[in-house]
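Chemist: fold the following for me, if possible:
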Amino acid sequence: MQRSVFSLSLSPSVKRKLVNAGFQFTNDLLHLKPVQLSKEATLSQLEALEVLQAVRKDGDGGAGASSSRTALELLQKEEELRSIVTFSSQLDAALGGGLPVGKTTEICGAPGVGKTQLCLQLAVDVQVPQCFGGIGGQVVYIDTEGSFLLQRVVDIAAAAVKHCSLLVEDDEQRVAMTTFTVETILSNTFLVRCHDYVELLAELHLLPDFLSDHPRVRLLVIDSVAFPFRQHFEDLSQRTRLLNGLAQQLIAMATSHNMAVLMTNQMTTRLRGGQSQQVPALGETWGHAPTARLLLHWAGSRRLAAIFKSPDHTGATIQYQITSEGFRDVDQSEQTHTVQSAASQRDTSR
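Modeler: Residues are numbered from 1 along each chain as shown. Below is the predicted model of the structure:
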């Protein structure tokens, strides 16, 4: 059954432009791209994106309404999904095995604390072969800040390949190592550079078709989601509306394509009780969007990762370090010494 464009949640003026351009039903819009629709219906690129997002959401809703699953089927599907290891055993344990596939996770933190480093680490780790405990996938990496460093990826990839090569015990693992190299890791990393929020929204609109053509993609990284939405935005209500739509898109893609979605967010200062404190950017409404939130922060010279939002693993805090090989645990003896030193300093100051 065809649906009229007037059934979409769009402004009256946009609906009139669509009808005047000859688009009477949602099916007429399914195969159009934002630039094409913008020209044919005399819409702005932002309006064209909103139209196509509404059409896609309407189509997904229709499909979902006609199908249902039992709780047992959902449990079986969840058990099939595997987490992406971080190469930090403590963080993996705190997350219940690693970065969850099929869900959205946000990493928040101040500049220089290691958000991008963890993203690059996971972009490599998602490609670890299954016989080594990985998931053997591919990654789409959307860079909005220009912080993707190719040489850093090469270094992390080389360390991961070396690590797995030292674990080889059987023929299956030997064969796997022939296709797990720095070159294959780079060839399975699809990089997209977005310079503003319009390009980001356009890329996310086109991404489902790309994912259908590349079913091995198991990780989507957006580093960062905050940067494009904190630039040149005077209409905060419009920003909130766009972010809500983006969040729904990411949740739908994570679920339908069985992949992990990883985003980074910046920090901002907020006054509470007459005191300023650092909080994640984009507001409290956005804070409900990701399934889990991980806060990377400094405690003196130590780097700490705290899980402060998760349906399963809240309240955990671990120490980590950034080495030449990537995101890693801190040596246990060093960590114990650091904790003891901090305790003795507190005792001395009393």
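Chemist: leaving out the residues flanking it, which one is nearest to Ala202?
Modeler: Pro34 (5.3 Å; C-beta to C-beta, 6 or more residues apart in numbering). Bear in mind the C-beta positions are built from the backbone N, C-alpha and C, glycine included.
Chemist: so the one you found touches His205, yeah?
Modeler: Yes. If you go by C-beta atoms under 8 Å, Pro34 and His205 touch, sitting 6.4 Å apart.
Chemist: which residues do these two both contact?
Modeler: Leu49, Leu52 (C-beta atoms under 8 Å, 6 or more residues apart in numbering).
Chemist: more neighbours, those two?
Modeler: Shown here are Pro34 and His205; by other C-beta atoms under 10 Å, Pro34 has more neighbours (23 against 17).
Chemist: could you measure the more buried one against Gln45, distance?
Modeler: Distance, Pro34 to Gln45, by C-beta to C-beta, to the nearest Å: 6 Å.
Chemist: overlap in contacts, these two.
Modeler: Here Pro34 and Gln45 have Ala202 as joint contacts, going by C-beta under 8 Å, 6+ apart.
Chemist: any idea how many residues pack against Gln53?
Modeler: Gln53: 21 neighbours (other C-beta under 10 Å).
Chemist: got a list of what it touches?
Modeler: Leu201, His205, Gly245, Gln249.
Chemist: so where do the helices sit in this structure?
Modeler: 12-20, 34-40, 45-65, 71-80, 89-94, 115-125, 150-165, 171-177, 182-187, 197-213, 236-256, 283-287, 332-349 (DSSP state H).
Chemist: among the ones you listed, which is nearest Ala306?
Modeler: Comparing the helices of the chain by their distance to Ala306 (C-beta to C-beta), the top pick is helix 89-94, with 9.0 Å.
Chemist: same for that closest one, what does it pack against?
Modeler: strand 302-309, strand 317-323, strand 326-329 (3 or more C-beta pairs under 8 Å, 6 or more residues apart in numbering; DSSP states H and E).
Chemist: redo the helices of the chain as a markdown table? Include distance to Gln275.
Modeler: Putting these into a markdown table (distance: least, C-beta to C-beta, whole Å) gives the following:
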| stretch | distance to Gln275 |
| --- | --- |
| helix 12-20 | 44 |
| helix 34-40 | 44 |
| helix 45-65 | 38 |
| helix 71-80 | 42 |
| helix 89-94 | 29 |
| helix 115-125 | 25 |
| helix 150-165 | 37 |
| helix 171-177 | 53 |
| helix 182-187 | 45 |
| helix 197-213 | 32 |
| helix 236-256 | 24 |
| helix 283-287 | 18 |
| helix 332-349 | 22 |
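Chemist: highest average neighbour count across the ones you listed?
Modeler: For the helices of the chain, the largest average neighbour count (mean count of other C-beta atoms under 10 Å) is found in helix 115-125, namely a mean of 26.
Chemist: show me what that one packs onto, helices and strands only.
Modeler: Applying 3+ C-beta pairs under 8 Å, 6+ apart, one finds that helix 115-125 contacts strand 104-109, strand 138-143, helix 150-165, strand 217-223, strand 260-265, strand 326-329.
Chemist: so which elements touch the fifth one?
Modeler: By that I understand strand 260-265. strand 104-109, helix 115-125, strand 217-223, helix 236-256.
Chemist: I'd like the mean pLDDT over that strand, please.
Modeler: Taken as a whole, strand 260-265 has a mean pLDDT of 97.
Chemist: so Val5 is in contact with Arg16, correct?
Modeler: No. Counting by C-beta under 8 Å, Val5 does not reach Arg16; the two are 9.7 Å apart.
Chemist: out of the helices and strands packed on strand 260-265, which comes closest to Thr269?
Modeler: Checking these against Thr269 by C-beta to C-beta gives strand 104-109 as the closest, at 13.6 Å.
Chemist: please identify the pairing partners of that closest one and their relative orientation?
Modeler: strand 260-265 (parallel), strand 292-299 (parallel) (DSSP bridges).
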